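Colleague: Show me the folded form of this:
(2 chains)
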Number of protein chains: 2
Amino acid sequence: MASELLQPLTGFRDFYPEDFARRRYLYDTWRASAEAFGFVEYDGPVLEKMELYRKKSGGELVGQLFDFEDKGGRHVALRPEMTPTLARMVAARERHYKKPVKWFSIAPFFRFERPQKGRLREFNQFNADIFGEAGVGAEIELIALSIEIVRRLGFGPDAVRVRLSSRALWSRFLAASEKSDELLPELLSVIDKLDFDQLSSIPEKTFERLNALGVTADELAAFASAPDLEGTDLQQVVDGLIAAGLGDYLEIDAKIVRGLAYYTGTVFELFDASASMRAIAGGGRYDTLVGLLSDGAVELPALGMAFGDVVLGNLIDETPAASALRDAALRPVCDVFVVVADEARRNEALALTTALRRAGLRINLPLAPAKVGKQFQAAEEQRAPLALVVGTEWPIVKIKTLASRAEQTADASDLLALAETLAKFIP
Amino acid sequence: MASELLQPLTGFRDFYPEDFARRRYLYDTWRASAEAFGFVEYDGPVLEKMELYRKKSGGELVGQLFDFEDKGGRHVALRPEMTPTLARMVAARERHYKKPVKWFSIAPFFRFERPQKGRLREFNQFNADIFGEAGVGAEIELIALSIEIVRRLGFGPDAVRVRLSSRALWSRFLAASEKSDELLPELLSVIDKLDFDQLSSIPEKTFERLNALGVTADELAAFASAPDLEGTDLQQVVDGLIAAGLGDYLEIDAKIVRGLAYYTGTVFELFDASASMRAIAGGGRYDTLVGLLSDGAVELPALGMAFGDVVLGNLIDETPAASALRDAALRPVCDVFVVVADEARRNEALALTTALRRAGLRINLPLAPAKVGKQFQAAEEQRAPLALVVGTEWPIVKIKTLASRAEQTADASDLLALAETLAKFIP
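Modeller: Okay, the predicted model is just below:
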């Protein structure tokens, strides 16, 4: 029983330091990429009013919520995604910010689903959104950012594909078949469920829905295989991305429609080249959501995307070059391990450690008396590039480069000079 | 109604970019300080089994939990503090890690309390803990880290005080009065509730508890006013911190006992010098918690502390020098604003932007056609140090330093040279 209590809940993760370092590599890459694109970081609460998720209609996620009544009798839910929180925040202070607003966040989310590969109950997402720009410049910027992220993680166009579509294409399909555009939500919902590789065995229920729409799966497949982009926004998006030098990552794929009901225009997803995993990232334009949440008080065109950490982490793990790139970015625990070779000099070692830490170095030292050999062993286990030996010759100390075993002496009375000497040896 | 839906839950916060920048300054300072001390970062799940908090006895926090039954019928709770999660994680993999284990985390926590100054329902904490070191070296290291954090935030010993105590002092008090040490938990609980500045008006209930213990408030006050540290661990802690050059931050204050039942030895709290606010940080030794959670399977001495972001944020806001230090650390949104002076050159601007972003620069550009004057205005609002003007002279571009209005031309055909030139102008 005790050992069960020591485990996290099913679908939740403990991030031990070695796990955390890999997560942080992802976070750092997300953050640096977003900042290279002039996005600024925000965050919202982990817990929200249940109403926020009901309001957003669609409702796909409501059945997967961790929702409950709090001690004050309010119906609340752990956030399953960032978009409703973000749309709420932007609507509340819309006038405070110059458009376009370009914001990103990195945060945990919660969905009560069956845990499986690529899907957990608590997962982390990078979200980036642009508000207040209706033109295709917003699409180009956001999709370019998604590409920059995978590029920094070591994935070229041979390894990751960006599949682009637009809900407007399916409006054209309806128009061409002389059907009402009001059928679009239902059509998109069916397409989202349809497995285009298995058209010979369509589930009964999907079949009935297609019948009700008056379209066949073959008609959908035929349209999807050769969509006409001429004169569409999507063509301009593609042209812009080609101009930006990113065309080789792109594929048009009309079958991508995204499950969530709030999308209104361009949608896209990133996949590993063999499409053996779930989507790495996805997003799209949602021009009506802010208006919906604010009861029409604020109308703002919007575009957003999210990367999850689970599928992306799996892809890095399973791609040797990307793993190697990541592992090379992980730093050792400290820059300098202070070896206390003479316990009578511990006080001097403490004072020295304070000064070196203040100078910006990352220093470890033994917290209790230990044999010198053991201290060097600890230094090596921590992959410290340097050991600084404080002993009977104080204030003369030894600087030892652990990789080469080279050593030199230095005078610890001049702390500034010592810190500078040490810094020179740290990669 | 809509406008109420646009607000977060009571006691929860939206971190708009300007709020987030201040939060990140805190996070960066916490992280850099912990890393200077050789601590490594970890994280655990936001949601835990309810049992984890019951098990830890004490129970002070159980009444403040956001707890509920999930869709799988499990009684779960949002974490109100990190220590139970951390003790669980360490107990589960104790053998994997060399001692001492020095870990830190920065994460959100949840308590259903009445929101007031310095206290919210969702707050963020920095936690740092040391496992596997029973000696005072651990106390010295952890308290030195707490001091380094406030020092980096701009608070000297005149502004922030570290108050030290030990539960062992009150064991001595009981021994001196020939009372059983089994009374210690009740004694500490009464001391935690007692307002030593208001001994003339002790609440009835506290008075009865003192009577039951057979001690008077005056006896407690007399002992607290002049505790004898001779021969105690606490004296060694103080001596070590003085040797480390940190003595001027310290005060002995036996009245500090910390509310949580799991502490076993040294305890400490950091306060603003006038003690006008709640504690900024607090911690202590908890040598029995890992054993308790693992039903005795793993016994490990442990010491930990936490800083919350609410009180610390208030203190920075209310201290002009600390606010100024923080504000000076906040960066502009981008390094270079690309001005598209000729829309016919937008494709070239896009290609240039891709290249400069890949070179590590933070670049913004207008997402839609706009007048040149408006673009410069956007660049200034974003406090961009540089504007890069792409126009009819392409590939000759103009580099404009926005503060001085100085400008020079450059050839964008040589992208590497251009990126290097730009980098020279960025502070």
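
Colleague: Kindly report the residues of the stretch 301-427 of chain A close to chain B.
Modeller: Contact residues (Cβ under 8 Å from any Cβ of the partner chain) of the stretch 301-427 of chain A with chain B: A:333-334, A:346-348, A:350-351, A:353-355, A:357-358, A:360-364, A:366-368, A:378, A:381-382. In short, each C-beta sits where N, CA and C put it, glycine included.

Colleague: Which of those residues are buried? Put it as a PyMOL command.
Modeller: Those of these that count as buried under 16 or more other Cβ atoms under 10 Å in any protein chain shown are selected in PyMOL with:
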select buried, chain A and resi 333+334+346+348+350+351+353+354+355+357+361+362+363+364+366+367+378+382
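
Colleague: Please flag which of the residues of the stretch 301-427 of chain A next to chain B sit within strands.
Modeller: A:Ile363, A:Asn364 (DSSP state E).

Colleague: Isn't A:Gly154 up against A:Ala322?
Modeller: Yes: counting by Cβ atoms under 8 Å, A:Gly154 does reach A:Ala322; the two are 4.1 Å apart.

Colleague: what sits in contact with each of the two?
Modeller: A:Ile316 (Cβ atoms under 8 Å, 6 or more residues apart in numbering or on different chains).

Colleague: check contacts around the residue nearest to A:Arg93 when sequence neighbours are not counted.
Modeller: In space, and not counting its chain neighbours, A:Arg93 is closest to B:Tyr16: 6.7 Å by Cβ to Cβ, 6 or more residues apart in numbering or on different chains. Neighbouring residues of B:Tyr16 by Cβ under 8 Å, 6+ apart: A:Tyr42, A:Met89, A:Arg93, A:His96.

Colleague: Can you tell me the SS state at the residue positioned nearest the centre of chain A?
Modeller: The residue lying closest to the centre of chain A (Cα atoms, centre = their mean) is A:Phe126, at 3.3 Å. Following DSSP: H, G, I helix; E, B strand; the rest coil, A:Phe126 is assigned to strand.

Colleague: hang on, it packs against A:Gly282?
Modeller: No: shown here, A:Phe126 and A:Gly282 do not form a contact pair, counting by Cβ under 8 Å, at 11.9 Å.

Colleague: Overlap of the contact sets of those two?
Modeller: With Cβ under 8 Å, 6+ apart, A:Phe126 and A:Gly282 have common neighbours A:Ala306.

Colleague: returning to what we had before: which among the contacts of B:Tyr16 end up buried?
Modeller: Judged by 16+ other Cβ under 10 Å, buried ones among the contacts of B:Tyr16: A:Tyr42, A:Met89.

Colleague: Would you tell me which one of the contacts of B:Tyr16 comes nearest to B:Thr85?
Modeller: Within the contacts of B:Tyr16, the smallest distance to B:Thr85 is 26.1 Å, found for A:Tyr42 (Cβ to Cβ).

Colleague: State whether the closest one and B:Glu18 are indeed in contact, as I suppose.
Modeller: No: with contact defined as Cβ under 8 Å, A:Tyr42 does not reach B:Glu18; the gap is 9.3 Å.

Colleague: Just the CA trace of the helix ranked longest in chain A, in CSV.
Modeller: If you go by DSSP state H, chain A has its longest helix at helix A:17-36. Taking C-alpha atoms only, helix A:17-36 is exported to CSV below (Å, rounded to 0.1, in the frame of the first residue of the first chain):
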residue,chain,number,x,y,z
PRO,A,17,15.7,15.9,-12.3
GLU,A,18,16.6,13.9,-15.4
ASP,A,19,13.0,14.1,-16.7
PHE,A,20,12.8,17.8,-15.8
ALA,A,21,16.0,18.6,-17.7
ARG,A,22,14.4,17.2,-20.9
ARG,A,23,11.2,19.1,-20.2
ARG,A,24,13.2,22.2,-19.7
TYR,A,25,15.0,21.8,-22.9
LEU,A,26,11.6,21.8,-24.6
TYR,A,27,10.4,24.8,-22.6
ASP,A,28,13.6,26.7,-23.3
THR,A,29,13.3,26.0,-27.1
TRP,A,30,9.6,27.0,-27.1
ARG,A,31,10.4,30.2,-25.2
ALA,A,32,13.4,31.2,-27.2
SER,A,33,11.7,30.6,-30.5
ALA,A,34,8.6,32.5,-29.5
GLU,A,35,10.8,35.4,-28.3
ALA,A,36,12.7,35.4,-31.6
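
Colleague: so of the contacts of B:Tyr16, which ones are in helices?
Modeller: Per DSSP H, the contacts of B:Tyr16 map to helices at A:Met89.

Colleague: Dump the contacts of B:Tyr16 to CSV, plus distance to B:Val267.
Modeller: Shown next, in CSV, are these (distance: Cβ to Cβ, whole Å):
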residue, distance to B:Val267
A:Tyr42, 37
A:Met89, 39
A:Arg93, 42
A:His96, 44
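
Colleague: the helices in the stretch 301-427 of chain A, which residues?
Modeller: Counting by DSSP state H, counting those that start in this stretch, the stretch 301-427 of chain A has helices at residues A:309-317, A:320-329, A:346-358, A:372-381, A:415-425.

Colleague: what does the average pLDDT come to for the fourth one?
Modeller: The average pLDDT within helix A:372-381 is 96.

Colleague: Now it: buried residues?
Modeller: A:Gln375, A:Phe376, A:Ala378, A:Ala379.

Colleague: Check which helices and strands that helix sits against.
Modeller: strand A:336-340, strand A:386-390 (3 or more Cβ pairs under 8 Å, 6 or more residues apart in numbering or on different chains; DSSP states H and E).

Colleague: Could you export those as CSV, including mean pLDDT?
Modeller: Formatted as CSV, the helices and strands packed on helix A:372-381 follow (pLDDT from 0 to 100):
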stretch, mean pLDDT
strand A:336-340, 98
strand A:386-390, 97
